[in-house]
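Peer 1: Kindly return the folded structure for what I paste below:
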Amino acid sequence: MEPGTLLYDPATDKVGEYQDHLGKYAMLRPVGGGTEWSADPKTLRPPTDSERVRAGVKAANRQSLNNPTKNPPLEPAIDLSVAPRPYPDCPTCDELATLRRAAAKELDYSAASDANVLLRRHHAEAHTKAHTEAHAE
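Peer 2: The predicted structure follows:
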């Protein structure tokens with residue numbers, strides 16, 4: 001296993017980033033940082049798309065709670081009932097939009113909503129100028 005690989009630990013029902021082995025255990029760290037935990041490597045598996053998105057949302061929420069000035073609330077002018085569109089030629093936008101479509105196809109509306117949250121956050125961080133111009137009208 002390569003460091004940074006995402007793995008699902010069924011014993012804790014969490015997705016973590018593989019760090020290293022310690023004796024017979026795999027050491028995992030929560031997505032986005034935090035306290036490592038040990039897991040039985042025999043039980044670990046790759047996370048599903050839904051599990052991976054949920055872990056990303058948890059990390060984003062944790063980051064917002066720890067530093068609210070870095071992640072201000074969305075502008076009230078944004079209609080949250082409309083799904084955000086991916087920006088052209090942006091692999092991250094495309095990946096999140098694909099995850100949203102897959103979740104909606106499986107009627108997993110929670111995962112689809114999580115993907116929208118991550119896509120809006122990505123827009124605000126990676127496409128700030130375009131994001132501001134699009135909502136200035």
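Peer 1: Break the chain down into its domains, please.
Peer 2: Domain segmentation of the chain under automatic domain parsing yields 6-39, 49-134.
Peer 1: Flag every buried residue along the shortest one.
Peer 2: Yep, that's domain 6-39 we're talking about. By 16 or more other C-beta atoms under 10 Å, the buried positions in domain 6-39 come out as 6-9, 14-19, 26-31, 37, 39. From N, CA and C alone the C-beta is placed, and that goes for glycine too.
Peer 1: gap between the two ends of that domain?
Peer 2: For domain 6-39, the first-to-last residue distance is 13 Å (C-alpha to C-alpha, to the nearest Å).
Peer 1: which element is the residue nearest the centre of the chain on?
Peer 2: The C-alpha lying nearest the average C-alpha coordinate of the chain belongs to Gly56 (C-alpha atoms, centre = their mean; 2.2 Å). For Gly56, the host element (DSSP states H and E) is helix 49-66.
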